[in-house]
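Undergrad: Show me the folded form of this:
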Amino acid sequence: MPRNSSWWRPELQPRTIFFGGGTPSLLSLRQWEQILTTMARLKLTDAAQWTVECNPATVSLDKAKLLRAHGVEPHSMGVQSF
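TA: Numbering: from 1, shown residues only. Down below sits the predicted model:
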C-alpha cells in the first residue's frame, strides 16, 4: 500500500515491534517471509526496536538470517528451554 494511502500517517509508525511468547520461532521460513514482506510493504518495519522471541529448539540459522536481513534485532531467546 502506498504511503499516500488514506490510512498511513507518519505519527502512526510503530516505535517498537515485538513478536513474543516463545512460539514465533515455530513459524516456518516461508511464513516468516510472507509476514516480513507484508510488513515491509505496509511500511511497518522501520521501528527503532524490532524483536522476535525465539525458542532455541525451534529457531534455525536460516530463520535467524532472514529475521536479521529484515532488521530484526535482537532475537530474544527463551532461557527456560536451555
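
Undergrad: what's the top strand by length along the chain packed up against?
TA: For the chain, the strand with the greatest residue count under DSSP state E is strand 49-54. Applying 3 or more CB pairs under 8 Å, 6 or more residues apart in numbering; DSSP states H and E, one finds that strand 49-54 contacts strand 16-19, helix 61-69, strand 75-77. Yep, even glycine has a C-beta here, placed from its N, CA and C like the rest.

Undergrad: Tell me which of these lies nearest to T37.
TA: helix 61-69 (10.5 Å; CB to CB).

Undergrad: May I see the buried residues of the closest one?
TA: 63, 67 (16 or more other CB atoms under 10 Å).

Undergrad: What lies in contact with that helix?
TA: Residues outside helix 61-69 that contact it (CB atoms under 8 Å, 6 or more residues apart in numbering): 25, 29, 32-33, 36, 52, 54, 75.

Undergrad: Closest one of those to R15?
TA: R15 lies nearest to V52 out of those, by CB to CB, at 16.3 Å.

Undergrad: can you pull the pLDDT of the closest residue to the closest one other than its chain neighbours?
TA: When the adjacent residues along the chain are set aside, V52 lies closest to F19, with 4.6 Å between them (CB to CB, 6 or more residues apart in numbering). As predicted, F19 sits at a pLDDT of 87.

Undergrad: Can you tell me what sits against the longest helix seen in the chain?
TA: The longest helix of the chain (DSSP state H) is helix 29-41. Residues outside helix 29-41 that contact it (CB under 8 Å, 6+ apart) are 1, 17, 27, 45, 60, 62-63, 66-67, 70.

Undergrad: Quick check: which ranges of this protein have low pLDDT?
TA: 1-10, 22, 74-76, 78-82 (pLDDT under 70).

Undergrad: same thing but 90
TA: 1-25, 38-60, 63-64, 67-82 (pLDDT under 90).

Undergrad: can you list the helices and strands packed on strand 49-54 in CSV and add distance to R41?
TA: Putting those into CSV (distance: least, CB to CB, whole Å) gives the following:
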stretch, distance to R41
strand 16-19, 15
helix 61-69, 16
strand 75-77, 23
